Structures are given as structure tokens and as C-alpha cells.
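Q: Predicted coordinates and the sequence they were generated for:
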Amino acid sequence: MTTTDTTLTFDDAIAAYDPLLGFEVHVELSTNSKMFCGCPTEFGAAPNTQVCPTCVGLPGSMPVVNRTAVESTIKIGLALNCEIASWCRFARKNYFYPDMPKDYQISQYDEPLCSDGYLDVDVVDADGNHQNVRVEIERVHMEEDTGKLLHTGGDTGRIHGADYSLVDYNRAGVPLIEIVTKPVPGTGALAPEVGRAYVQALREVVKSLGVSDVRMEQGSLRCDANISLMPKGSPVWGTRTETKNVNSFRSVERALRSEIIRQSNVLSSGGTVVQETRHFQETTGDTTSGRVKSDAEDYRYFPEPDLIPIAPEKQWVDELRAGLPEAPGLRIARLQQEWDLSDFDMQSVVNAGALELVVATIEAGADHSAARKWWLGELTRIANSQGTSLAELAITPAQVARLAELVDSGTLNDKLARKVIEGVLAGEGEPDAVIESRGLAVVSDDGPLLAAIDEAVAANPDVVGRITGGKPQAAGVIVGAVMKATRGQADAGRVRELLFEKLGVTPE
Amino acid sequence: MSADGQRSLTRSTAAALAAAIVAGDVTALEVTNAHLARIDEVDPAVHAFLYIDHEGARAQAAAIDAKIAAGEPVGPLAGVPVALKDIFTQVGIPTTAGSRILEGWRPPYDSGVVDRLREAGCVILGKTNMDEFAMGSSTEHSGYGPTHNPWDLERIPGGSGGGSAAAVAAYEAPLAVGTDTGGSIRQPGAVTGTVGVKPTYGGVSRYGLIALASSLDQAGPVARTVMDAALLHAAIGGHDARDSTSIAQPVPDVVGAAHKADVRGLKIGLVRQLMGEGYQAGVSQRFDEAVEILRELGAEVVEVSCPNFEYALAAYYLILPSEASSNLARFDGMRFGLRAGDDGDANVEQVMSATRAAGFGDEVKRRIMLGTYALSSGYYDAYYGQAQKVRTLVANDFAAAFDQVDVLLSPTTPTTAFKFGEKLADPVAMYLNDIATIPVNLAGNCAMSLPIGLAPEDGLPVGLQIMAPAMADDRMYNVGSALEAALVNRWGHHLIEEAPAL
């Protein structure tokens, strides 16, 4: 391959070439059992403890289709606006590899269960304008996952050159859904953002269906990003590469950006892009060359003769359609309207991973501004400082709702509320229990307040003079002294009222 | 027990043995011991068995006896010995499918057929020889040496299930289980003078049956009488949720049909394409006589045409290798069985390749190559795709024929048993043995072969094939049983009794 100095920047590349995108996303379904046998699918079990004759491909073993997996696939298809086949078959994809126990994968080939759908994704262009990009879905099909290989020794971390390799078949046969897009043209400079937004939106859709954990870091959502460049205005598509090992939304964006720059430099220096699999390197942000994928690779697909066709009844599909949750994109738009938020504020909620928590807090009785305030403010600060996510904090939406209620009723002020949060997170129990045990409630009895006011007034005669002399705003000094004396447990508003009453001043 | 007593036990039908055991006239252990003694006596010459489970068989028999003594319920074939084709998994018992590549493999699980045999109370004597991965018509392709035909030890016992048929013909077992992908139960039945049945596809579980061609493979019974075959068929048949292609319906009443044995008013079709030219004179002669007997018994006989049967053999030899090339991929030396060439330097592909080169025989390699080619991109439509169309046409021919008649008849094989080596050098000549049996596998319906006499020119058994529609397995038992009774009546004994002493 031609080596080139990187002379073209991303902007140069986009000025000269049109990118064409395509995505193959694999989603591991969170069914209790595997695609074709009864073995459990839990992540992280000791190697080769979740296996049986079928998923290690022993002679004579046979597959039986997991109905829940079919149902989950239909739900994904419906949520992506696909046609659901009334009759389709599994196919065998034949190739020899030790992570594939039968040396063929049961997959679907020319008869996918779901086809011809779309997903609308929202991206923001350089001018800050929202653009809706419709990503067309070619197909959604079912297949089985492979085992996991661990290569020991050698420098490459690959099977060739390894001293020996270990294989764990726990993952072999876990239900896998492949979602393949049609080529996505016309994204220009937004291509990397479109890639990121597509995978993000797809994850939200699948998550809302409750059919997968969709955790990129655990591999339950895996994205292969395909991209090719063609000279601007050219009707002929370029040669594509397929980038794997893209393990986060940000990586999708970075990988596409890096490939656009790399390919444009290959092309502009007169070279040709090689059709190959590339691996994204998290540390450098670049892709490196992997297996060359020639068209000569022949998987000898044919209909799986050990399984009967899948023929989902129309009534079943209709029931699943009727039971679909609101599409995540539409739901966000609806909530944004209900809460009367700007795009920016709504995006903040989503980006903070707070949407479901805020919704649950509102359902538990809080109003939306209070719910947002606590989750995006104090709780986000704590989560960030602890390096964890909001969802993992040891506080529930119901507890946050109670906190908001206590602030609203004047039992707590914000400062006290933060102490209550501290107590809840420290495992001291419900907010009310923390208030009780830490003695945190606002002092609402006027007696101790009046005593503290008397003290402060006596200590600050000059301030009192200014207040009575027509500068009520100077009262802050006295209020502050009272708050200090009561260790923050006074209601500042009430202190102000009592002070003015005592001094016989009527503020504006 | 006296030698005569043992001899009478091994000569008994399964039906008689089951009745005697449950009545307490004889113990299951005595029956098992008699058969083990017979195996030890004749199998060095016949080589029907690849593995004889002396200890396990006696333990199974003793357990049955204990149950009977305790008055506990037992299955319908309690204590009856059975020989199992070495293609079914059985926990802890070496299972090779006739291949060196699986030498020494002991499965950790029981096949569906073994489950049913255990439920029925059968005693599994051991595993029978077969052509490697069921590819062949003579057992000459076994990785462990051929089985000899008890009628003439210089001749083939048929294949792939030659071991099962020979074991039953040599009185080593009253019953055996075989598998039939293109005739592997029926053709050995025909050339050994035994009864062999390929049930309707989906009628017997394929779970734990080492797959040759998944869409064609079917397990079925081998016996010396039609009734015994029915008893075993009823025992091993029925739905198994672990096999998606298993039919979720009860087994047709094959035992009742074997009792009925009445063909009056039945319409029988002779398949024009499966008679005449290419069939040995003695085979045709015995076939015509059998048809005449059925006519005398009150059946109406007509000739029917199945024009697409002409293409069945060609289609079969595309579909079978295609599926086999994929089914046999897992024999790669990684997880079980033979591993060759793992010298510490070889990479994984080299080890896989060396293992398959060393472990597979020529016929297996030939078919894997044929199938790999037929499925290749650019050739798929012309070969595999076209063959599937022929398959539909063959099924349509059957459907049209069964609109006119209740069952179809043909000779099971074109010839009687041939000599070792006669067809080994010419694969196509070997494949032609199955010309009459293959259409049924392609269409998925059922067929039986039963002995109808000896060919005058060589004195070897001739088989007649009865074909019935899918899930009408009972029809062939009715017809077979009626014909068998008439023949026994004519001869005064079952044909198998004319076999020479070993």
C-alpha cells in the first residue's frame, strides 16, 4: 500500500470527496438462553461452563430456535420500521475457524426476518442547525455468536504467531442480531457525526425495547463502520473499508474521521484504497490494516436443513407492534415540549444520562425543573467526582422526589438538601431518616431565630443604622450572621421578615 | 443354558422374546447372554459390530429383570436386545460413524433414539459397522474394515447400514437400528434377506444422529419380520422437541397395521421407471411373483409413471454432498476425535487440514469436494439450486401417484449382493445401487424393504420396496405383513432360515 504524508486535512478531504457510509451493528440479545440451545447467556461466567453438546457442536447435536429471540428480533424490526417476513429461513455460513464450533455459523442470508426499514437521526451542523438524516435499514437478521479466543504468546495478539490459543465457548450460540444499513450518501462533513448519532439512536431504540443490555464496552453492541470516498460528483462509489473494534459512540466518530482523512490521502496521492477490515486504535485514534477482504471469500451459504422455516403469524406481529414503546426520538421531542426546554437544555439531560432518572423522579411526584436541577446539578457533580454514572449512584428517583418535596415545603433549604443527599449516598437511609439522625431540618421556630437576630443586631449597630436609614438591602449582613449562628438551618426568608418587623422597616 | 436353548433364543422374533421375558419364561439376562455368545461366535467372520458392550448389555438386562421381579412396569420391548448403528450417540460408548476421525470418541450424551430404546426396555448390545459417515452401499468404505454378508461371506451386506442388517441376518440381534439417507436401511435389508424401514422424514428423532445429509437422514428399524420392525418403529418413533424437523404427531399405528395384514381392495402402483431394464433377471422375476401374490390377496395393481425419478439420482448426488460438506466441517481436530499434525509449529489451519487428510477416507473426501463445489458462489444455482427443483418435481410425482394408489412398489435394488471390490473402483456403479431407494428420501415419505425370495441365478435374497405417503407408514406395514404371511405360507418358513449356517 502506498504510504503518504498526511497532507490533506479533514476539511480538505470533504472538499474533494463525498463519503458514503454504511453500518453493520451486532446486538447481543439479553435472552435467558442461547439462540439454539438451553444454555444460559450470563456475561462473565467461568470459561466453558455455559455449554452443551449443541453449542460446542458435538457430533449429532441439533439446534432449536429460541422463540424469545425471534420475538426480540421482530420487535427491533418493527421499531426500525421494517417489513417483517411472513416466511424465512436460517442459512449456514460456512468457514473454518476454531471459535466457531461447527465450522459454520447459523445465520440468515437472502431471507432476513426484517427488511427495508429506516431510522431518523438528528445531527447538528456547523451553524448549529438541526438536520434530520434518514438512515435506511437494509435488513435485520438473526444469527449465533461465536466463542471467544484468547491468543497467548506471539507479538500480534492474533492467532498466527501465538504460542497457543484458548477458546471459551460460553458466548458461542448467544443470540445475535445484525442490523445492516443501506449505503448512506450525502452526509459530507457531517459523516462522522451521523455515524455517532446513528449508533446512539439505534442503541436508544434497542434499549427502549428491553431486549438487550446494548453495552458497547461489554460487546453487547458492536459496530462495524464502512466508509468509502468518491470524488465529488462522481456517480461511481469508491472502494470501502470496514472498521471494527469501535467500542464507543465517540470512537465511531473518531474512526470515521480518521478513515476519511486516510482514504483521501491515499486517493489524492494516486493510490487505491484496499478493500479490507481495519481496526480502530483507541489510543491513537487511527485505524490499522487488518484482514484483506476479497470478494473471493465464499461462505457457501445454503438453507439450514436442521431448522424449519420461521413463519411468524400476522396476529403475533400485530400484537408485538401494538405493544411497542414510544420511539425514543419521538418521546424526547414530546418530553422537551412538556417540560418547555430549549434544545440545549434537553440535550443536556440526555447527554448526562439523566433522562430516565428525571422521568422517574417526576413520576414519583417532583416537578420537572426540580428533578432536572438535582440530577443535573449536585448529583452529576458527585457522580463526576466519583467517576461513576448517575444511574449507579446509591440514590433513587423516589428519594430525589422526596428531597424536592421537602425543599418545596420549606423543611429543607438547598444547602441542607445537599447534606441529606450526602447522608443518603452514605447509606444512612431515606431522606427523612437522614434529616432526623443528622438534625438537619430548617429551624422554623421563631424563638431561637429572634434570639439570634437580637444578638446580630446588637453586634452590628452600623448596619442597623443603614437599614433604618432607607437601605433595606443591607439586611443581608444580619441575615448572614443569623444563618451562621444557626449553622444554616434557618429559613433565610423568615429571618428577613422577623428582622424588618423588629426594626419597624417595610421593605420594597 | 444348553446350546439348543441359546440357539432357540437367538432364532426367536423380538415379539416372542418380549412376551417370554415379561411372562418370566426366560430372563432378559439369559436372552442377552445368548446373543452375546452368538456375537462372540460368528462376528469374527461377519464383522457386524464395531463395539460390543458385553458388560453394559448385561447390566441393562439385569436391571430389566430386577424391575420385572419387583413387579414394576417395563417397556414394550423389555429385555429385547438391539444392535445400534454406530452413528447414534450413546453416553460413554465409543461412537465413530465408521470413521477413523472419531476413533475413541465417547459421547457425553444419549441420542433421541437411545432415549426411546431405554424407555422401551431394549438392551443395547453394541454398535454396528457402517460405511464411513454413512457414505456407501457396501460397508467397504468403513474405516474399520467391511462387514460380510451372512448369506455369502465373500459378498457385501449392503450399506451404509450393512452392520445392522448383517447382525440381524446372522442372528446376532433380533433387532437393529439403522439410518437411511438414500437407501442405507433398505438396500442392506434387501441384500441380507431382512426387513428394513425408512420411516417418514421427521418420524424418528435425529437428535444425536451424526448427520450425513440433514434433509435426507432418517433413522429406522431393521428386523427379521415385518411385525418386529413395527414394534421397533413404534418404540423409537414420535416427536422429539430437540429435533426441529421432528413431526409433532403420534406415530401411525404401525403395529396395528402389521396385525391387520389385509390388502383386499387396496390399490397398488408399480413405478414404471423403477422396473425392467437395468434390473437383474432374478430380481425382476421374484418381484413379478410377489406382485402376483398381492393381486391374488385382493389388491388391485396398476402401473404408474413417475417421470422425474429419472433425475433423482443426479439431484441426490448434489444435495447430499452439499449438506455433508457442511455437516462434516466440525471434524477439524479442535474439540474431539483425531488430531493430526499438531507438532507445535503447525498453525491451526495446518492442523485442521492434516487431521481431515488423515481421518477421512476417499469416499468422504470425494463427497466433501463435490458438495463444496456445488455450493460455491457462481455454481450454487446451477447445481444445488437446480437439484432442489428436481426434488420438488420428485415430490410432485409421488403426490400425483398417491392420488391414484395407496402404495407404490418396486424392487429395492437392481441386483442381489455383489462381491467385495466389484464396484469399489467405479463410484457411479456403486451409486446406482440406490436408484430405486433415493426418490423416497428426496420426497420425505416412507418405504420398507422386505425379502421376497432368492434370485434363481445366484441364490441370493431379493428385496421388494413398498412406498407410502408421508405419515402413512402404517400402510406399508399392512401390505408388507400380508405379503410376508403369504410367502411364509408358501415356503413354510421365513426366507432368512434358508441362509447358510455360519
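A: Okay, I see it. Numbers count the residues shown, from 1 in each chain, chains lettered A, B, ... in the order given.
Q: low-scoring pLDDT stretches of the stretch 151-300 of chain B, where are they?
A: For the stretch 151-300 of chain B, no stretch has pLDDT under 70.
Q: With the stretch 301-450 of chain A instead?
A: Ranges of the stretch 301-450 of chain A meeting pLDDT under 70: A:444.
Q: how far away is the most far-flung residue of chain B relative to its centre from chain A?
A: In chain B, counting by Cα atoms, centre = their mean, B:Asp345 sits farthest out from the average C-alpha position, at 43.7 Å. In this view, B:Asp345 and chain A are 11 Å apart by Cβ to the nearest Cβ, to the nearest Å. C-beta coordinates here come from the backbone N, C-alpha and C atoms, glycine included.
Q: Using the three-state scheme, assign that residue.
A: coil (DSSP: H, G, I helix; E, B strand; the rest coil).
Q: which ones are touching it?
A: Under the criterion of Cβ atoms under 8 Å, 6 or more residues apart in numbering or on different chains, B:Asp345 has no neighbours.
Q: From the rest of the structure, what touches the one helix or strand A:Val457 maps to?
A: Assignment of secondary structure by DSSP states H and E places A:Val457 within helix A:446-459. Contacts with helix A:446-459, where a contact means Cβ under 8 Å, 6+ apart, come from A:443, A:464, A:478, A:481-482, A:485-486, A:490, A:494-495, A:498-499, A:502-503.
Q: run the last query once more with 7 Å
A: Contact with helix A:446-459 is made by A:443, A:464, A:478, A:481-482, A:485-486, A:490, A:494-495, A:498-499, A:502, as judged by Cβ atoms under 7 Å, 6 or more residues apart in numbering or on different chains.
Q: Chain A contacts on the stretch 51-200 of chain B?
A: Residues of the stretch 51-200 of chain B lying close to chain A by Cβ under 7 Å from any Cβ of the partner chain are B:Thr89, B:Leu102, B:Pro107, B:Pro108, B:Tyr109, B:Ser111.
Q: Look up how far A:Gly57 lies from the closest residue to chain A within the stretch 1-150 of chain B.
A: Of all residues in the stretch 1-150 of chain B, B:Thr89 sits closest to chain A, at 4.6 Å by Cβ to the nearest Cβ. Noted for B:Thr89: a distance of 13 Å to A:Gly57, by Cβ to Cβ, to the nearest Å.
Q: ok, these two, which is more surrounded?
A: B:Thr89 (27 against 24; other Cβ atoms under 10 Å in any protein chain shown).
Q: Could you tell me how far that one is located from B:Gly359?
A: 18 Å.
Q: where in the stretch 401-502 of chain B is pLDDT low?
A: For the stretch 401-502 of chain B, applying pLDDT under 70 flags no range at all.
Q: For chain A, what's its nearest residue on the stretch 351-500 of chain B.
A: B:Leu375 (3.8 Å).
Q: Hmm, that residue is touching B:Glu323, no?
A: No: look at B:Leu375 against B:Glu323 with Cβ atoms under 7 Å: they stay out of range, at 9.2 Å.
Q: Tell me which of the two has more neighbours.
A: It is B:Glu323, of B:Leu375 and B:Glu323, that has more neighbours when counted by other Cβ under 10 Å, with 29 against 25.
Q: Quick check: which element contains that one?
A: Going by DSSP H and E, B:Glu323 is part of helix B:312-327.
Q: residues of that helix that come out buried?
A: B:312-313, B:315-327 (16 or more other Cβ atoms under 10 Å in any protein chain shown).
Q: A:Gln281 contacts A:Ser289, doesn't it?
A: No: look at A:Gln281 against A:Ser289 with Cβ under 7 Å: they stay out of range, at 11.3 Å.
Q: Show me whatever sits in contact with both of these two.
A: With Cβ under 7 Å, 6+ apart as the test, A:Gln281 and A:Ser289 reach no residue in common.
Q: neighbour count winner among the two?
A: Taking neighbours as other Cβ under 10 Å, A:Gln281 and A:Ser289 compare with A:Gln281 leading, 15 against 12.
Q: Leaving out sequence neighbours, find the closest residue to that one.
A: A:Thr288 (6.0 Å; Cβ to Cβ, 6 or more residues apart in numbering or on different chains).
Q: what do you get for A:Gly233?
A: A:Gly233 sits nearest to A:Asp18 (Cβ to Cβ, 6+ apart), 7.6 Å away.
Q: Pretty sure the one you found sits in a strand.
A: Yes: using three-state DSSP, the assignment for A:Asp18 is a strand.
Q: low-scoring stretches of the stretch 1-150 of chain A, by residue?
A: A:1-6.
Q: Could you check how far the residue nearest to A:Gly233 is from A:Pro235?
A: For A:Asp18 relative to A:Pro235 (Cβ to Cβ), the value is 11 Å.
Q: so what's residue 413 closest to, chain neighbours aside?
A: If you meant another chain, say so; for now it's chain A. Computed as Cβ to Cβ, 6+ apart, the closest residue to A:Asn413 that is not its neighbour in sequence is A:Val442, at 5.9 Å.
Q: nope, chain B please
A: B:Ala190 is the one closest to B:Thr413 (Cβ to Cβ, 6+ apart), at 4.8 Å.
Q: From chain A, how far off is that neighbour?
A: 27 Å.
Q: what about that residue, how many neighbours?
A: Counted with other Cβ under 10 Å, B:Ala190 comes out at 34.
Q: who's more crowded, A:Asp18 and A:Pro235?
A: More crowded of A:Asp18 and A:Pro235, by other Cβ under 10 Å: A:Asp18, with 19 against 5.
Q: now that one, which residues is it bridged with?
A: A:Met230 (DSSP bridges).
Q: give me every residue that touches it.
A: A:Gly188, A:Leu229, A:Met230, A:Lys232.
Q: Dump those into a markdown table; add distance to B:Asn433, pLDDT and neighbour count as well.
A: Supplementary listing: the contacts of A:Asp18 in a markdown table, determined by distance: Cβ to Cβ, whole Å; pLDDT from 0 to 100; neighbours: other Cβ atoms under 10 Å in any protein chain shown:
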| residue | distance to B:Asn433 | pLDDT | neighbour count |
| --- | --- | --- | --- |
| A:Gly188 | 67 | 94 | 14 |
| A:Leu229 | 60 | 96 | 27 |
| A:Met230 | 59 | 95 | 17 |
| A:Lys232 | 67 | 93 | 11 |
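Q: Quick one: name the residues of chain A near chain B.
A: So chain A meets chain B at A:53, A:56-60, A:62-65, A:92, A:94, A:96, A:98, A:101-104, A:159-160, A:298, A:300, A:302, A:305-308 (Cβ under 7 Å from any Cβ).
Q: How about the helix holding B:Glu323 and chain A, touching?
A: Yes: interface with chain A: helix B:312-327 contributes B:Ser322, B:Glu323, B:Ser326 (Cβ under 7 Å from any Cβ).
Q: What lies in contact with that helix?
A: A:92, A:94, A:104, A:302, A:305, B:181-182, B:211-216, B:367-368, B:370-372, B:374-375, B:383-384, B:387, B:390-391, B:394, B:431, B:435, B:438-439, B:442.
Q: any idea which helix or strand comes after that helix?
A: helix B:348-359.
Q: what is the mean pLDDT for that following helix?
A: Rounded to a whole number, the mean pLDDT of helix B:348-359 is 96.
Q: hmm, that helix touching chain A?
A: Yes: judged by Cβ under 7 Å from any Cβ, helix B:348-359 and chain A are in contact via B:Val348, B:Met352.
Q: check contacts around A:Val199.
A: Taking Cβ under 7 Å, 6+ apart, one finds A:Val25, A:Cys223, A:Phe249, A:Val252 in contact with A:Val199.
Q: how does it look with 10 Å?
A: A:Val199 makes contacts with A:23, A:25, A:121, A:214, A:216, A:221, A:223, A:225, A:246, A:248-249, A:251-253, as judged by Cβ atoms under 10 Å, 6 or more residues apart in numbering or on different chains.
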